[in-house]
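S.K.: Here is a sequence together with a model predicted from it:
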Amino acid sequence: MLRQKVLVLYLANSALDSPVVGWSLFDGTGQTRRMAGDEDAPPYATGLHALRDGWRLIQASPLLPHARGEEFDLAYLKYEFLFEQIVETPA
């Protein structure tokens, strides 16, 4: 049976080779229950490392300019990348 894993990486900027600053992992296989904050280090150093490990990039955040006066607003993580893996599990 095929199951999906979803990895959300927040990067320091829009480049896939920039450092990971936040992450979440959702495991549809049921093999792990890890979430953001469960580990001291991200699962990958960059988004490019995730690609090299077989994760498929399915979405990247659009690049939108900040409104005037909000250039240094840190209320959210802007550079979100969604990855997936399709994993075969026992039925």
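M.R.: Happy to help now that I have it.
S.K.: As a check, name the ranges of all helices in this protein.
M.R.: 47-52 (DSSP state H).
S.K.: what about it, any weak spots by pLDDT?
M.R.: 33-38, 74-75 (pLDDT under 70).
S.K.: can you pull out the strands in it?
M.R.: Here the chain has its strands, by DSSP state E, at 2-11, 20-27, 56-60, 79-88.
S.K.: export those strands to CSV and tack on distance to Leu48 and mean neighbour count?
M.R.: Using the backbone N, CA and C atoms, a C-beta is placed for each residue, glycine as well. Below are the strands of the chain laid out as CSV (distance: least, Cβ to Cβ, whole Å; neighbours: other Cβ atoms under 10 Å):
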stretch, distance to Leu48, mean neighbour count
strand 2-11, 10, 18
strand 20-27, 10, 17
strand 56-60, 10, 13
strand 79-88, 10, 16
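S.K.: could the ones you listed be laid out in CSV, adding distance to Phe72?
M.R.: Formatted as CSV, the strands of the chain follow (distance: least, Cβ to Cβ, whole Å):
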stretch, distance to Phe72
strand 2-11, 17
strand 20-27, 16
strand 56-60, 23
strand 79-88, 16
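S.K.: now for those, which one comes closest to Ala50?
M.R.: strand 79-88 (5.3 Å; Cβ to Cβ).
S.K.: The closest one - contacts with which helices or strands?
M.R.: strand 2-11, helix 47-52, strand 56-60 (3 or more Cβ pairs under 8 Å, 6 or more residues apart in numbering; DSSP states H and E).
S.K.: Thanks again, I'm all set now.
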